[in-house]
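*Asks:* Task: produce atomic coordinates for the following.
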Amino acid sequence: MFHLGLDGEHRYAEFVHDGRPRAFVYLDHPSSGGKKKRFATAVTPEQLDRLRTEFAATTI
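*Replies:* Modelled structure (predicted):
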């Protein structure tokens with residue numbers, strides 16, 4: 001849909017859509033053999049901190 005290039009090697013992407021920043025994380029399917037099924041293991045510590053900051057700043 002957004003052509004972010006997320007896959008087993010590239011798991012994190014940022015994109016601005018409708019003037020709002022968005023973060024995307026690719027996680028393996030829960031029943032797959034890979035170990036990248038959690039944010040903490042799929043992204044770098046810096047990316048995880050950025051996600052936490054963005055979620056904390058989000059208003060519903």
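*Asks:* Check which element follows the lowest-mean-pLDDT helix or strand in the chain along the chain.
*Replies:* Here the helix or strand of the chain ranked lowest by mean pLDDT, DSSP states H and E is helix 39-42, holding a mean of 82. Per DSSP states H and E, the first helix or strand lying C-terminal to helix 39-42 is helix 45-57.
*Asks:* Give me the buried positions along that next one.
*Replies:* By 16 or more other CB atoms under 10 Å, the buried positions in helix 45-57 come out as 47-48, 51. Glycine gets a C-beta too; all of them are placed from N, C-alpha and C.
*Asks:* quick one: Ala23 is in a strand?
*Replies:* Yes - assessed by DSSP: H, G, I helix; E, B strand; the rest coil, Ala23 belongs to a strand.
*Asks:* What are the phi and psi values at His17?
*Replies:* phi -130, psi 130 (degrees, to the nearest 10).
*Asks:* Local confidence estimate at it?
*Replies:* Per-residue confidence (pLDDT) for His17: 83.
*Asks:* Please name the bridge partners of it.
*Replies:* Per DSSP bridges, the residues bridged to His17 are Arg20.
*Asks:* Can you report how many residues neighbour Tyr12?
*Replies:* By other CB atoms under 10 Å, the residues close to Tyr12 number 19.
*Asks:* Roughly how far does the nearest residue to His10 once chain neighbours are set aside sit from Glu54?
*Replies:* The spatially closest residue to His10, leaving aside those adjacent along the chain, is Tyr26, at 7.3 Å (CB to CB, 6 or more residues apart in numbering). Using CB to CB, to the nearest Å, Tyr26 is found at 17 Å from Glu54.
*Asks:* All good on my end, thank you.
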